[in-house]
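Colleague: Can you look at this prediction? I've put the sequence above it.
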Amino acid sequence: LQSPCNLVCRLLLEKKNPDRIGLIAGNGSFPLLVLDAARSQGLQVVVAAIKEEASLEIEKRGPAVVEWLSLGELSKLIEFFQREGVTRAIMAGQVKHRQIFSSIKPDWRLAKVLLNLTTRNTDSLIGAIAKVLADEGITLMSSTALLEPMLANEGVMTKRGPSDSEQTNITYGRAVAQHLSRFDIGQTVVIAEAACIAVEAMEGTDAAILRAGGLMQSPSLGQEPSTLSRALTVIKVAKPNQDMRFDVPVVGMRTIETMKQAGATCLALDAGRCLIFDKAAVIKAADEAGICIVAEKPVSHIPHHSA
C-alpha cells in the first residue's frame with residue numbers, strides 16, 4: 001500500500017502542472033513546514049500568504065511565487081491560483097476564528113459564503129470556502145499529506161507514562177473533549193482530579209491552558225491543596241469526523257512551555273490525527289519538565305461518563 005504522502009505526490013505528477021502545488025499560509029510554523037516538505041519532494045510551491053496571519057519568513061523558504069492577500073480576498077485567491085496553474089492546494093497555519101468579527105471587509109464572494117451559513121464554526125466556514133475553491137477547479141488536499149512523520153504515534157512518547165490519576169483525567173477528559181468537538185467548539189480540555197477546569201473555545205489551546213493554570217494558582221485556594229492535586233492534564237483531540245484538510249490539532253514547543261507555566265503534567269493526544277511540530281525537541285523538553293505525552297487511537301463512539 002502507498003502512504004498518503006506518496007499517493008498525493010503521484011497524483012500531482014499526473015496533473016497538467018505536475019510539479020506545482022498551492023499553499024494557503026496562515027500563522028505559525030505549519031505553512032513553513034509544509035513548504036519545506038513540498039520542496040523536498042521536488043514540488044514548486046505557489047504561496048497565497050494571508051497578510052493578517054502569515055510570517056514574512058515564508059518568502060525566504062524558496063517558494064516559486066508568493067502573493068500576499070487579505071483574509072477577505074477570496075476572489076483574489078482564486079484568481080491567483082488559476083493564473084499560476086494551481087489545481088491542488090494545502091491550507092496550513094492557523095487563522096484565528098475570531099477574525100470573522102474583525103473590521104476586515106470581505107469581497108462579494110466571501111461575504112456570500114459568510115451570510116449563507118447557518119452556523120459559523122470552523123468546519124462550516126472553511127468547508128464552505130473549500131467548496132467554492134473546488135467549484136473553481138482548486139481541490140484542497142489533506143494538510144498532513146506531506147507531514148506524516150509529525151503525526152502523533154500511538155502510545156507513550158516520553159520517558160514516563162501517565163500516572164493512575166493522570167490516566168483517570170485522560171479517560172474523563174477525552175469523553176468531555178469528544179462531546180465538545182462534535183459541535184466544533186474547541187479541541188482542548190484541561191482536567192484536574194477528574195474535574196473539568198477549562199474548555200477551549202475561540203481563544204485557542206494555549207490561552208485555555210493558561211486559564212486553567214490561573215484558576216489552580218489562584219491565591220484564594222491557599223498555598224497547598226489539602227486533599228486533591230492541582231496538577232493539570234491537557235487533552236487535545238480531533239473531531240469525530242475530522243476533515244484532515246483543515247483545523248487539524250497541532251502541538252509544539254510552545255505547548256510544552258505553556259503547560260510548564262500552568263502546572264500541567266500530562267498531554268494526551270489523538271494518535272494519527274494530531275501533528276507534533278519539532279517532535280524530537282518537544283519530547284525532549286517534555287522529559288526535562290517531567291511531562292508525559294501519550295496518544296491513543298480515537299474511539300469510534302463517544303462514551304457517556306457516569307460517577
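Modeller: In hand now; what should we look at? Residues are numbered from 1 along each chain as shown.
Colleague: Tell me the bridge partners for residue 21.
Modeller: Counting by DSSP bridges, residue 21 forms beta bridges with residue 45.
Colleague: Identify the residues contacting it.
Modeller: Residues counted as contacts of residue 21 (CB atoms under 8 Å, 6 or more residues apart in numbering) are 12, 38, 43, 44, 45, 46, 86, 88, 89, 90, 141. Where C-beta positions appear, they are placed from N, C-alpha and C, glycine not excepted.
Colleague: Residue 33 looks like it's in a strand, true?
Modeller: No - going by DSSP: H, G, I helix; E, B strand; the rest coil, the assignment for residue 33 is helix, not a strand.
Colleague: who's in contact with the residue nearest to the spatial centre of the chain?
Modeller: Centroid-nearest residue in the chain, with CA atoms, centre = their mean: residue 249, separated by 3.2 Å. Residues in contact with residue 249 (CB under 8 Å, 6+ apart) are 187, 236, 237, 238, 269, 270, 273, 274, 275.
Colleague: what would those look like in CSV with pLDDT?
Modeller: Output for the contacts of residue 249, formatted as CSV (pLDDT from 0 to 100):
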residue, pLDDT
187, 88
236, 95
237, 92
238, 90
269, 97
270, 95
273, 92
274, 94
275, 95
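Colleague: Need the max-distance pair from these.
Modeller: 237 and 275 (13.1 Å; CB to CB).
Colleague: Those two - which one has more neighbours?
Modeller: Neighbour count, other CB atoms under 10 Å: between residue 237 and residue 275, residue 237 has more, with 26 against 22.
Colleague: how much space between that one and residue 133?
Modeller: 27 Å (CB to CB, to the nearest Å).
Colleague: Equivalent analysis for residue 38, please.
Modeller: The value you get for residue 38 to residue 133, if CB to CB is used, is 18 Å.
Colleague: likewise residue 212?
Modeller: Noted for residue 212: a distance of 37 Å to residue 133, by CB to CB.
Colleague: Over to residue 282?
Modeller: Between residue 282 and residue 133 the distance is 32 Å, computed by CB to CB.
Colleague: higher neighbour count, these two?
Modeller: Neighbour totals were compared for residue 282 and residue 133, and residue 282 leads with 23 against 20 (other CB under 10 Å).
Colleague: Check which helix or strand that one maps to.
Modeller: If you go by DSSP states H and E, residue 282 is part of helix 279-289.
Colleague: What number of residues are in the vicinity of the residue nearest to residue 213 when sequence neighbours are not counted?
Modeller: For residue 213, ignoring the flanking residues on the chain, the nearest one in space by CB to CB, 6 or more residues apart in numbering is residue 262 at 2.6 Å. Residue 262 has 24 neighbours, counted by other CB under 10 Å.
Colleague: So residue 262 is in contact with residue 212, correct?
Modeller: Yes - contact between residue 262 and residue 212 holds when scored by CB atoms under 8 Å: they sit 6.0 Å apart.
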